[in-house]
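> what follows is a predicted structure for the sequence shown.
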Amino acid sequence: MKSNDARGARQVHYAPPASVLLVILLSFAAVALPVRAELSVIGPKLDAYNIGSTVQVDAYVDTVRSGQAFLRTALVCKALLPLSARKVSLTPGKPQTFTETFTVPHTDGGDCTIRISLEVNGTVLEQGDSRLVRIAPELMGDFSIDKKTIQMGDSLIIKGSLLLLDGSQDPASVTVYLRQGASDYLINTLNTDGAFTYQFDSRGNPPGTYAVDFYASDKFGNSKLFKDALSFRVSGLLQVQLDVGERYLPGQRIVVAGTVRPELGGPMQNVRATVYVDGYPFNAEVRNGRFSHDFTLQKAIMSGTHEVQVQIVDEVGNAGDAGALFTVTPVPTTLTLKVDREMAKPGEDITIAPELLDQGGQPLMLAVNTIVTDPKKVKVLDSESVTGKDVAVRLDEYAVPGAYQVLARSEGLSAQAEFRVAIREGLDIAQEGSIITVHNTGNVAFKDAVELTAAETSIRKKLSLAPDEKAVIDLSQELPEGTYAVVVNSRLADKSFSDVMVEDNRSLLKRSPITGNVIGAMGSGGFGMLFFLLLAVLIAVVVLRRRASDLELSVKDERDADEFNEYLRSKRSPPEQEARASIRADPAVRMFVDKALEEEARLQKRHAERGEDAADPPSEDSSDKHGGYFGDFPDDSSADTDEQDVRDHVRSGAFAFETPDADQGSSDAGSFNHDTEGSDDGQQREKAAAEDTSDRGFAGFFGNT
């Protein structure tokens, strides 16, 4: 053998022969390993085992040495747990299999191995571990239920089996729990031989959906909670159908009927039904799944919507209900009237409230006719409105006092009420110029006198004024011209007016009372009566002229006229001439005469149209055509000339008639008053007229001067 060192020195080493080395190695091996062996673990068959389960494994041993040895078995999980040890005999050169069986002890479990070792004289010759197996204290279960839904009162069957991890049944005990929501119900605990059957009766349990939990445990401590293993539903519902009419009248009979059946079918026992009408209970009988109840509605029942509720329950707790609505038609029953006051004044507003109530006292809004009549049965209101709304009526300012009747009609009903209007008296006295106006502002007639005082003159007027009627007093017809302080007194009002300017518009008779001469000649009141007699005769002439048409006046009429003229002539006396002249100057007399002459001219014209001689007298005994009423006219005068002559005669004088004022001393209203204090010019005209007409027809009326 060659080797080179760093110095280049050559060294020679001795190498022993190979056989020598082999002997040395065998000697050392014999001392270090007294027995040579090979060991392996076969099994177990399953992957998981429970505590208390039996496990079997095989140990394969191959050794070259004979002798005695110990075979030890241990469970290695988180820690080593010795299980068993036994002595075995080894046969060199012949493989041997040893079977080890043990029960899994209490342990924390988990993934574990089974370790087998071979020991000789306390020395481990060889050891081996099995494959990993799972050791757990848990169980498996298989559960079933025959019905998923049952009606209250029915039962169901629950079956189950408890298994170890190796699939074998475990004779464990099991507790059954029913859970509904957050509530748990302990049902029962069963001892099993690995399988069990349980019958559940739903009576006494609330309806709803249930979850079934199982808790199983055995004597080795294996246990398991099987949560939500099963579920089922218990129906406690009775299906109810209700039949009620939709609309009824108060006092009408109503029938509540319907049917009932369990939701899942099946028989019912001891079923009770209660009918509630607006909360009031009535018992109803149930037969063969049908129920019925009838009753009469109250006559004063409230109108509108009402509720019917039916509740049904059987003896095992099944229940059902149903509801329906019906409507009660309102019936107008009572009509009332309210007036906001008992006594009112003219011009005020009256509020009338018609209200219509149904049978239940509830107000209705329906058409209503409201009529208000005054004490004279005159309508002051006829209104169409709606009940429940006020009706307003404004009284007239001159409303008749007394009791006013209010009548309301609606839906065949009527109601009456009354209010009174108070009496109001009042006068309003006003002045404008020479006019005094008396206005009755009250609502009753004013029948009384008012007294006017101006200077030393007192005027008393008796008035009868209806409400809102006015009377006018013209001071110019009562007083001489001047400015006055006028005081008006009455029972209801007094009024004073200053600086009242009055023009004298009085008639001649009022201005100048009849003198003593006139009264002496005519007699007290005789001339007035005579004038009205003459006026009546003139009116009769006009009427007879119209009726006679184209016929002349009869002889009798003319004779009567002559006699009347003769009567006037016999009554004349020298003082009458002045009176006649004064009368002629009066416009009223002049107008009357003008109308009479116009009528005469009309008749003359009709004579001319017929070809008659209007100037010829109708008979030898009769006077001129004018002589019958107005005295003798010249025979040779034509109608036109006569008429013009008379007009001239009238215009030459003055004729007046007037009703004398009481203050002027006349004893007879309507008599003539003659003003003797006329002007000189007037007296001359009167004298000339008297001389000119001494033998004319007009003189026949007033006499000869």
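Arrived safely.

> going forward, measure contacts and count neighbours with C-alpha atoms only.
Fine.

> show me the strands in the stretch 201-350 of the chain, by range?
208-217, 223-235, 238-243, 247-248, 253-262, 272-277, 280-287, 290-296, 304-313, 319-328, 332-339, 343-344, 349-358 (DSSP state E, counting those that start in this stretch).

> what's the fourth one packed up against?
Contacts defined by 3 or more CA pairs under 8 Å, 6 or more residues apart in numbering; DSSP states H and E place strand 247-248 against strand 319-328.

> now the strand it packs on against strand 304-313, angle please.
With axes from the mean of the first three to the mean of the last three CA atoms, to 10 degrees as the basis, strand 319-328 and strand 304-313 are set at 160 degrees to each other.

> in terms of secondary structure, what does strand 319-328 contact?
strand 238-243, strand 247-248, strand 304-313.

> need these in a markdown table with mean neighbour count, can you?
Formatted as a markdown table, the helices and strands packed on strand 319-328 follow (neighbours: other CA atoms under 10 Å):
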| stretch | mean neighbour count |
| --- | --- |
| strand 238-243 | 20 |
| strand 247-248 | 16 |
| strand 304-313 | 18 |
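
> how about these in a markdown table, adding distance to Leu163?
Shown next, in a markdown table, are these (distance: least, CA to CA, whole Å):
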| stretch | distance to Leu163 |
| --- | --- |
| strand 238-243 | 42 |
| strand 247-248 | 68 |
| strand 304-313 | 44 |
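
> kindly reformat those strands as a markdown table containing mean pLDDT.
Output for these, formatted as a markdown table (pLDDT from 0 to 100):
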| stretch | mean pLDDT |
| --- | --- |
| strand 238-243 | 94 |
| strand 247-248 | 95 |
| strand 304-313 | 95 |
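
> on that earlier part again, and the strands of the stretch 201-350 of the chain as TSV, adding distance to Ile435?
Below are these laid out as TSV (distance: least, CA to CA, whole Å):
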stretch	distance to Ile435
strand 208-217	106
strand 223-235	106
strand 238-243	89
strand 247-248	76
strand 253-262	81
strand 272-277	83
strand 280-287	84
strand 290-296	81
strand 304-313	71
strand 319-328	73
strand 332-339	44
strand 343-344	35
strand 349-358	35
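
> which of those sits closest to Asp201?
For the strands of the stretch 201-350 of the chain, the distance to Asp201 is smallest for strand 223-235, at 10.3 Å, taking CA to CA.

> and Ser383, which of the strands of the stretch 201-350 of the chain is closest to it?
Across the strands of the stretch 201-350 of the chain, closest to Ser383 is strand 349-358 (CA to CA), at 11.0 Å.

> what mean pLDDT does the next helix or strand after that closest one have?
Remark: after strand 349-358, the chain's next helix or strand is strand 363-364, criterion DSSP states H and E. For strand 363-364, mean pLDDT is 96.

> for strand 363-364, packing partners?
strand 349-358.

> so for the strand it packs on, what gets flagged as buried?
Ile350, Ile352, Ala353, Pro354, Glu355, Leu356, Leu357, Asp358 (16 or more other CA atoms under 10 Å).

> farthest-separated two in those?
So, those by CA to CA: farthest apart are Ile350 and Asp358, at 26.2 Å.

> tell me which helix or strand of this protein sits lowest on mean pLDDT?
helix 516-522 (a mean of 34; mean pLDDT, DSSP states H and E).

> tell me if I am right that Leu603 is in a helix.
Yes - under DSSP: H, G, I helix; E, B strand; the rest coil, Leu603 sits within a helix.

> okay, the nearest residue to Asp111 once chain neighbours are set aside and Pro82: tell me how far apart.
Spatially, and ignoring its direct neighbours in sequence, Asp111 is nearest to Arg134 (4.6 Å; CA to CA, 6 or more residues apart in numbering). Going from Arg134 to Pro82 by CA to CA, to the nearest Å gives 17 Å.

> swap in Ile539?
174 Å.

> which non-adjacent residue is nearest Ser89?
Gln68 is the one closest to Ser89 (CA to CA, 6+ apart), at 4.8 Å.

> give the contact list for the nearest residue to Asn318 once chain neighbours are set aside.
Distances taken as CA to CA, 6+ apart put Gly236 closest to Asn318, at 4.3 Å, once the chain neighbours are dropped. The contact partners of Gly236, by CA atoms under 8 Å, 6 or more residues apart in numbering, come to Gln151, Met152, Pro206, Pro207, Gly208, Pro262, Glu263, Gly317, Asn318, Ala319.

> give me the phi and psi angles of Gly236.
phi -110, psi 20 (degrees, to the nearest 10).

> so what's it scoring on pLDDT?
93.

> ok, Asn191 next?
So Asn191 comes in at 91 (pLDDT).

> which ones are touching it?
Pro171, Ala172, Ser173, Val174.

> again, but for Asp340
Ile350, Thr351, Ile352.

> and which of those residues is nearest Thr197?
Sorting the contacts of Asp340 by how near they are to Thr197, with CA to CA, puts Ile352 at the top with 86.2 Å.

> how near is the closest one to Gly402?
From Ile352 to Gly402 the distance is 18 Å (CA to CA).

> ok, Leu492 next?
Distance from Leu492 to Gly402, by CA to CA: 21 Å.

> who has more neighbours out of the two?
Gly402 (16 against 13; other CA atoms under 10 Å).

> mind showing which ranges of the protein have poor pLDDT?
1-36, 508-533, 541, 543-593, 595-596, 606-607, 609-705 (pLDDT under 70).

> now do the helices in the chain.
18-32, 508-511, 516-522, 526-548, 555-571, 576-584, 587-609, 627-630, 639-652, 680-692, 699-702 (DSSP state H).
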